[in-house]
Each structure stands twice: as structure tokens, then as C-alpha cells.
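1. Build me a structure from this.
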Amino acid sequence: MPIPNYQTPGVYVTQITSPTTGTIPNNALNVAFFAYVPSGNAPVNGWSDKFLVTNSGTPQTFTLTQSGTISNFSLINNTTGIVQVASGSGALVASGYNYAPPVTSGNITTFTVSGMSPNTWLSASYSYPTALYGQLYTFTDFNSVQTAFGPAFATINGNSTVYSPNTLAAYLAFENGATVVSCMNIVAASGGTNTEFLTAIQSTTTIPGIDVIVPLSFDSTYNVSGQSNGALFYGLSGYLQAQANNSVYQRAFIGMDSSVGNGTTQNLINTCQAITSNLNSTRMTLVAPQTMTYNPAINGSAGTVTGILNIPGYYLAAATAGLFAGQPTVATPITNKFVTGFAGIPNQISVADSNTLQSYGTTVARQDKFGNITIRQGLTTNTSNWLTQEISINAIGDQLAKNITDAVNNSGIIGSPLTSVTLSNLENIVGVTLTQAESSGLIQAYNNLTYQQSPSNPTQINVRFQYSPTIPLNYVNVVFSVNSATGTIQF
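-> The predicted structure follows:
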């Protein structure tokens, strides 16, 4: 008797006709990275476009599919197969034929052809940058980041070095739980100054959906005695506050580099104190230490083990931002959570010095004897009281504001006739949103929900309520003593 439904051993592949597309969770936080990359480090891809010449009397302009700084441009006559490379303002292709090389304007790249016979097919071959400077790209997986921004590391003279800061930062963010990241190689004429970083960040004002900002740079202003109001860190703090005033709620994680401290722990403490006291912001989180070790593993081109190298502490800020974004809700603190992706912390400072840094509002990571790296407490740079210093408590208010804004906007109630039914609907929308926030653990309770038509503007309804945030459990005190009358041995 034959074996029922017998199949020969092998590999069977079936393509499902309905593709499944990945979706971004509604509560996913987008972490945006900004990095300076020398122009020579920008990865490029090869590309080819085909165009049809329709007339010969007047110059004809064609638009390339890709844009940016085009290189290795050549034009191929598909009839003859002749390759002609443009040079200068134009190149002679054949007797009477010429074309102008590509010109980019407003992210559109074009070239012009004249003198060619009609119905001639041309093939334009060129290289283009996969990530344009000054443009923000959003990703939901690491491979796409690496394709656009190139490999994180390169081996130069036998030594590994960070080749693409955005790629490394995105990897660490995804590794620690982030589901959405955005990356930008900033436009920099002066080698990536603090002002150029701030300008790049401010250029995203009109781009919706950015929740967390991480500049992959240190504001060295705070390394100089007596200096304050750093262009990058202080400017970023002011930018976040201005955004919040416009109902765009964002926060930033900032880090340091190995130049901080100049080899002494006291200098490190002084620098962190200078930064936190200068910023004093519930939207800014300073992360320490200033140096981490990383193992880039095997170099793909050389096939050799590269060994462990030191990388700046702002990559710890990138990982911590990913950890923050990866929590179930913003009400879940990053305190006592593991940070992954690093080999270790070199020259780790003492517990007492870590406590001092934290007392000034620095979020400190420490490595235990088993090699685990843990965030000791998630703090903001505003240490006024226990409400202002906790990241999670401050983030709850932002998330609640976003939830209510989205719920009211999506309901379509704005622009509807203002009647008693409208007021009832608004009450239901806000009430349901608050109840959902309570059931999800974002808040613990709310009360005093009231509605009032504005006396100065009858087209406006004022809504007020109070809420109790979900606060973190930071301390457990256990007291015990010996009772000599308890547990005695019986004979």
C-alpha cells in the first residue's frame, strides 16, 4: 500500500500571491539620528536609465531616476553601443551630436541632449549616493539602513574605524528594542560643527512622527572651563521646548566622547554637572560613560578578526534611546534595564562616583561582574524633584497629549456643527481615550474631567482634567534582625 500523500525529500518553496507588508505599531516611537559623514564615506550604487530621443532640432532634457551628486556618468547609444563620457560643459558624441552632463537642482537631476536623430534610444549609466546629505530617511529594519548608509565599520591600515555613524547607531537602537529609526547625514561645510548639527535637526521641524532625537556628536563647549550655552546641546534643549509649545512633543538623548574628563573622574563629574545644570530640561537626558567598547567582529573584506575598539559614548545614548523606545509603554522605566550591543565599559568609575553623576541628573550605565550593562536610573537633566527627574513620568504626559490629539483629530469633530450632541461626543472621545490610557497602564487614574465653552471664543471648547501618572518603583527597603528565640534546634 502506498504511503498517503508521499513526497520525495527536498526543499519545496511556495510563493503566496498576497504579500504581507510589515506594519508599524501605533505606539512605536521613532528615534532620529543625526551624524556627520565626510563626503568620501557616502556609499554609492550603480544605476541605468533608458531614454528615447523624440526630436533633433532643439535640445531635449531628460530626468534621471536617481538624484544627488551623480558620478561615473556615461551615455550609451543603444543602436551603436558606443559609450561616450561627458566632460566640461558638454561633450561631442559624434558629428553634430552633443550633450550636457547631469545637473542637480532641488533633488532632481537632469541632462540635456541635442543633435541626435529622432527615435534613438539612449542608456544613461551612472552612480548615485544611496543617502542624500540633509535628507531624513525612515526605516523599520537594520538591513535597509545598512544598504542606504553603508557598513558601520571600515578597516583602514589594519585598524577598524566607524565608517557610517548612522548605521552603527541604528543597529544599537534596533538591538535594544526600537522598531522605527530615522537617519540623516547632515549637510556640513565646516566639518560638522555644533551649529551645523543643530541646523540639521531644526530642518526636520515640518517632518511629522519624530519622537526621540539623538545627535551623534558631543558639544565640546562643555569641555572648556567657564563655558556654557553650547550651540548643540543648549540649542537642542531650546528647540525641544519650542516644539512642545507647538504641541510637538519630543525628547533627546545626548552622549559624550572620550575627550571628556581628560583622564580624571573629577573632570568627568564636573563636565556632566556643567551640562545638566546648563540644560535643566525634562526633555533632555545625558548618558554616561563617555567611552564604550565594541566588537565589530569579522571584517568582511579582509576576512580577519578586527578585535575590540573604543567608540564614543554618544553611541550609548543611541542604544539607550532604543531601549526607551522599545518599552511596552513610556510608563515603563528604563531603570535597571539591560543595554545590549557593547563589549563592555573601559576604565569603569567607582559606584560612589556613579552615584555622584546620577545626583547631578546623569543617566549612568554600569557593567556588572557577569558582563551585563545596566541603566542604573533613567533621568532627565532637571533634578528639581522626583517628578521632573524621571524620564518615564515626563514621557507619560507627552504620550497622553498625543493620544488625545490623535483621538480628537481622527474623530472628525473639528469642523462639525457645535451642538449639545457635539459636546456629548467630545466628552465621550476624551473619556474613552483616558480610560484606554488607564487600562494600558499609562496612567493610574483621572478625575475632574470638565468641558466649558470659551467665553471669549464661542467656537472653542475648553477641556480640563487631572491624572495620576504611573510612577516607577525605584526603592525597596528591607529591615531584618536576628531573633535568638526563633528557629532553635530541637533535640
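
2. okay, CA-based contacts and neighbour counts for the rest of this
-> Fine.

3. what residue ranges in the stretch 301-450 of the chain score low on pLDDT?
-> 301-306 (pLDDT under 70).

4. what ranges do the strands span in it?
-> Taking DSSP state E, counting those that start in this stretch as the test, the strands found in the stretch 301-450 of the chain are 309-312, 362-367, 373-375, 443-453.

5. Figure out which of the ones you listed is closest to Leu423.
-> Among these, the nearest to Leu423 by Cα to Cα is strand 443-453 (8.0 Å).

6. Could you check the angle the helix or strand that the closest one is followed by makes with strand 443-453?
-> Helices and strands here follow DSSP states H and E; after strand 443-453, the next one along the chain is strand 461-469. Angle of strand 461-469 versus strand 443-453, following axes from the mean of the first three to the mean of the last three Cα atoms, to 10 degrees, is 170 degrees.

7. So for strand 461-469, mean pLDDT?
-> Rounded to a whole number, the mean pLDDT of strand 461-469 is 92.

8. Please export the C-alpha coordinates of it as PDB.
-> As requested, C-alpha coordinates have been extracted for strand 461-469 and formatted as PDB (Å, rounded to 0.1, in the frame of the first residue of the first chain):
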ATOM      1  CA  ILE A 461     -14.400  74.200  23.900                       C
ATOM      2  CA  ASN A 462     -12.000  74.000  26.800                       C
ATOM      3  CA  VAL A 463     -11.400  70.600  28.300                       C
ATOM      4  CA  ARG A 464      -9.700  70.100  31.700                       C
ATOM      5  CA  PHE A 465      -8.800  67.100  33.800                       C
ATOM      6  CA  GLN A 466      -6.300  65.800  36.200                       C
ATOM      7  CA  TYR A 467      -4.400  62.500  36.000                       C
ATOM      8  CA  SER A 468      -2.200  60.300  38.200                       C
ATOM      9  CA  PRO A 469       0.800  59.000  36.200                       C
END
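
9. just to revisit the earlier point, adding mean neighbour count as columns, could you present the strands of the stretch 301-450 of the chain in TSV?
-> Shown next, in TSV, are those (neighbours: other Cα atoms under 10 Å):
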stretch	mean neighbour count
strand 309-312	18
strand 362-367	24
strand 373-375	20
strand 443-453	14
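
10. can you list the ones you listed in TSV and add distance to Asp398?
-> Compiled in TSV, the strands of the stretch 301-450 of the chain are given as follows (distance: least, Cα to Cα, whole Å):
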stretch	distance to Asp398
strand 309-312	30
strand 362-367	20
strand 373-375	22
strand 443-453	12
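
11. List just the one of these that sits closest to Thr383.
-> strand 362-367 (9.6 Å).

12. Who are the packing partners of the closest one?
-> If contacts are counted by 3 or more Cα pairs under 8 Å, 6 or more residues apart in numbering; DSSP states H and E, strand 362-367 sits against strand 284-288, helix 351-359, strand 373-375.

13. Not counting that strand itself, show me its contacts.
-> Residues lying outside strand 362-367 but in contact with it, judged by Cα atoms under 8 Å, 6 or more residues apart in numbering, are 272, 276, 285-289, 344-345, 348, 354, 357-358, 373-381.

14. Parallel or antiparallel, list what pairs with that strand.
-> Within its sheet, strand 362-367 is paired with strand 284-288 (parallel), strand 373-375 (antiparallel), according to DSSP bridges.

15. quick revisit: mean neighbour count, the helices and strands packed on strand 362-367: which tops it?
-> Here the criterion is mean neighbour count by mean count of other Cα atoms under 10 Å, and of the helices and strands packed on strand 362-367 the winner is strand 284-288, at a mean of 28.

16. any idea of the mean pLDDT in that one?
-> Strand 284-288 carries an average pLDDT of 97.

17. what's next to that strand, contact-wise?
-> Identification of contacts with strand 284-288 by Cα under 8 Å, 6+ apart yields 237, 251-256, 272, 276, 313-314, 316-317, 320, 361-365, 379-381, 391.

18. from the chain's centre, how far out does it sit?
-> Strand 284-288 sits 15 Å away from the centroid of its parent chain (Cα atoms, centre = their mean, to the nearest Å).

19. repeat for stretch 101-115
-> Taking the mean of its C-alpha atoms, stretch 101-115 sits 33 Å from the chain's own mean (Cα atoms, centre = their mean).

20. and if you look at stretch 150-169?
-> From the chain centre to the centre of stretch 150-169 is a distance of 18 Å (Cα atoms, centre = their mean).

21. could you dump it to PDB, C-alpha only?
-> Provided in PDB are the C-alpha atoms of stretch 150-169 (Å, rounded to 0.1, in the frame of the first residue of the first chain):
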ATOM      1  CA  GLY A 150      26.800  51.800   4.100                       C
ATOM      2  CA  PRO A 151      28.600  49.500   6.500                       C
ATOM      3  CA  ALA A 152      29.100  50.700  10.100                       C
ATOM      4  CA  PHE A 153      32.800  49.900  10.100                       C
ATOM      5  CA  ALA A 154      35.700  50.000   7.700                       C
ATOM      6  CA  THR A 155      39.300  48.700   8.100                       C
ATOM      7  CA  ILE A 156      41.900  51.300   7.300                       C
ATOM      8  CA  ASN A 157      45.600  50.300   7.600                       C
ATOM      9  CA  GLY A 158      44.600  47.200   9.500                       C
ATOM     10  CA  ASN A 159      42.500  49.100  12.100                       C
ATOM     11  CA  SER A 160      38.700  49.200  12.300                       C
ATOM     12  CA  THR A 161      37.000  52.600  12.500                       C
ATOM     13  CA  VAL A 162      33.500  53.800  12.400                       C
ATOM     14  CA  TYR A 163      32.700  54.400   8.800                       C
ATOM     15  CA  SER A 164      28.900  55.200   9.000                       C
ATOM     16  CA  PRO A 165      27.800  56.600  12.400                       C
ATOM     17  CA  ASN A 166      24.100  56.300  11.500                       C
ATOM     18  CA  THR A 167      24.400  52.600  10.600                       C
ATOM     19  CA  LEU A 168      26.100  51.800  14.000                       C
ATOM     20  CA  ALA A 169      23.600  53.900  15.900                       C
END
